[in-house]
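Novice: could you work out the structure for the sequence below:
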Amino acid sequence: MKNSTMFRFRPIYWGLILFIFVSCENFDDLTDPVLVRYNVPTEVLEMVFTPDIPSGIRNVDNFLDRIKQHGMVIHEGNSPPAVPGSFSNFTPGFSIGNHCIYDGSNSENEGFSYGNYEEIIRVHTDQNRSNFLGDISYTSIFNPDYPEYPMGLDSGSGRGYVSGEGDDFTIFTKVTNGRYGDVSYSAIWIISGTYAYIIGSQYELKNVTKCMIMLEKSEDPGDRVANRGTVRIFKDDAPQRIRD
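Specialist: Numbers count the residues shown, from 1 in each chain. Okay, here's the model as predicted:
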């Protein structure tokens, strides 16, 4: 993912101050992340928002509130759409544009497009049918409108957990094998969208919003990849099917 460019208080007040801190559930100083207000799988906290994430997002509830205010969609619930198939044969690929609508580190990147990606998404239950899992795979594809992003420049894949209801889903996953040119990286991806069935087994993907939280990257002398803690939100209302 390219990187564009001490108060005094009288003793009588201390009890009141402590009451306020506890009542507001201020988790910002906690070592471990916390996620209690959103109806998403518990594994999202256990497997995705792990203690190694940047301190600024460890209050995951507040973080999700913040990105929703900037255009990210979070579909809650425990009945997302199941999308069967495998990466090799049956799951359709879509061309999804990475059109940036929010950058928490550099607002000048908002409105900038980071090219197009072929993305494959599979949603299915685990072996115990107790959770919905989401498998994702993405790679940049050539688009003459964005020649600076050639085929295969950026890629990654991962498995995460899914919330949602009806045709709406949100996948929470950690990608640890990301690669942008010669730079390897790890990132959390939150991907939301709607699978609207058309006929038979055919469906369309629409209303996609994606949030990336950069976790780490390898040596990057050209500063081509976003730094740790960078948060970006992307949007594509109408991805294009590129293969069945």
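
Novice: C-alpha from now on. contacts and neighbour counts both.
Specialist: Will do.

Novice: residue 194 pairs with what?
Specialist: residue 168, residue 206 (DSSP bridges).

Novice: pretty sure it contacts residue 170?
Specialist: No: judged on Cα atoms under 8 Å, residue 194 makes no contact with residue 170 at a distance of 9.0 Å.

Novice: who has more neighbours out of those two?
Specialist: For residue 194 versus residue 170, neighbours defined as other Cα atoms under 10 Å are more numerous around residue 170 (26 against 23).

Novice: contacting residues around the more buried one?
Specialist: Shown in contact with residue 170 (Cα atoms under 8 Å, 6 or more residues apart in numbering): 74-76, 162-164, 190-193.

Novice: who wins for neighbours among these?
Specialist: residue 162 (33 neighbours).

Novice: helix or strand for the residue nearest to that one when sequence neighbours are not counted, which one?
Specialist: Spatial nearest neighbour of residue 162, chain neighbours left out: residue 171 (4.5 Å); criterion: Cα to Cα, 6 or more residues apart in numbering. When elements are assigned from DSSP states H and E, residue 171 belongs to strand 168-180.

Novice: pLDDT of that strand, averaged?
Specialist: What strand 168-180 shows for mean pLDDT is 97.

Novice: can you dump the C-alpha coordinates of that strand into PDB?
Specialist: Extracted in PDB, the C-alpha atoms of strand 168-180 (Å, rounded to 0.1, in the frame of the first residue of the first chain):
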ATOM      1  CA  ASP A 168     -24.500  -7.600   4.000                       C
ATOM      2  CA  PHE A 169     -21.200  -8.700   5.500                       C
ATOM      3  CA  THR A 170     -18.000  -7.300   7.200                       C
ATOM      4  CA  ILE A 171     -14.800  -9.300   7.200                       C
ATOM      5  CA  PHE A 172     -12.100  -8.600   9.800                       C
ATOM      6  CA  THR A 173      -8.800 -10.100   8.900                       C
ATOM      7  CA  LYS A 174      -5.000  -9.700   9.400                       C
ATOM      8  CA  VAL A 175      -2.800 -10.000   6.300                       C
ATOM      9  CA  THR A 176       0.700 -11.100   7.200                       C
ATOM     10  CA  ASN A 177       2.000 -11.800   3.800                       C
ATOM     11  CA  GLY A 178       1.400  -8.500   2.100                       C
ATOM     12  CA  ARG A 179       3.900  -7.400  -0.500                       C
ATOM     13  CA  TYR A 180       4.300  -4.100  -2.400                       C
END
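
Novice: got a list of what the residue positioned nearest the centre of the chain touches?
Specialist: Taking Cα atoms, centre = their mean, the centroid of the chain lies closest to residue 190, which sits 2.0 Å from it. If you count contacts by Cα under 8 Å, 6+ apart, residue 190 has them with 170-173, 210-212.
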